[in-house]
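Q: Requesting a structural model of the entry that follows:
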Amino acid sequence: MQKQCLECGDKIVGRIDKKFCCDACRNSFNNRVNKDSKNLIRNTNNRLRKNYRILEALNPEQKTKTSRAKLIEKGFDFNYFTSIYTTKAGTVYYFVYDQGYLPLEGDFYALVKRES
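A: Numbering: from 1, shown residues only. So this is what the prediction gives:
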């Protein structure tokens with residue numbers, strides 16, 4: 001019994017468990033299958049990555065203060081973060097992985113880096 005490539009239908013030569021005739025067909029098939037279902041995840045990860053880079057760039061000393069306007073100017077999106085940390089005193093920090101921010105009075109934010 002001759003196996004056929006799942007993407008182009010050509011015959012497959014080689015290992016018995018092969019599903020594709022070449023890497024190009026394998027990549028094309030997987031990209032097509034995952035395109036719609038992974039779009040939301042890809043967009044969310046891109047937004048988180050951008051937020052992380054902005055916080056990292058503005059916080060080289062691991063603890064600093066910045067304005068809301070500066071964050072927005074750089075393209076920061078406050079709707080995307082990975083976790084929330086509430087202290088015993090009730091202070092709420094928002095984190096993008098290990099980079100965090102704390103809303104302060106007067107449209108300022110304290111930027112912190114979580115210790116590993």
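Q: for this structure, where's the lowest mean pLDDT among helices and strands?
A: Taking mean pLDDT, DSSP states H and E as the measure, the helices and strands of the chain show their lowest mean at helix 23-58, namely a mean of 89.
Q: Show me what that one is packed against.
A: With contacts taken as 3 or more Cβ pairs under 8 Å, 6 or more residues apart in numbering; DSSP states H and E, helix 23-58 sits against helix 68-73, strand 92-96, strand 99-103. (Each C-beta comes from the backbone N, C-alpha and C, glycine too.)
Q: mind checking which of these is nearest Ala24?
A: Closest of the helices and strands packed on helix 23-58 to Ala24 is strand 92-96, at 35.8 Å (criterion: Cβ to Cβ).
Q: out of the helices and strands packed on helix 23-58, nearest to Lys50?
A: Going by Cβ to Cβ, the one of these nearest Lys50 is strand 92-96, 9.4 Å.
Q: Only C-alpha atoms, please: export that closest one in PDB.
A: Extracted in PDB, the C-alpha atoms of strand 92-96 (Å, rounded to 0.1, in the frame of the first residue of the first chain):
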ATOM      1  CA  VAL A  92      -2.400  45.600  43.500                       C
ATOM      2  CA  TYR A  93       0.600  45.000  41.200                       C
ATOM      3  CA  TYR A  94       0.100  43.900  37.500                       C
ATOM      4  CA  PHE A  95       2.700  41.700  36.000                       C
ATOM      5  CA  VAL A  96       3.800  40.800  32.500                       C
END
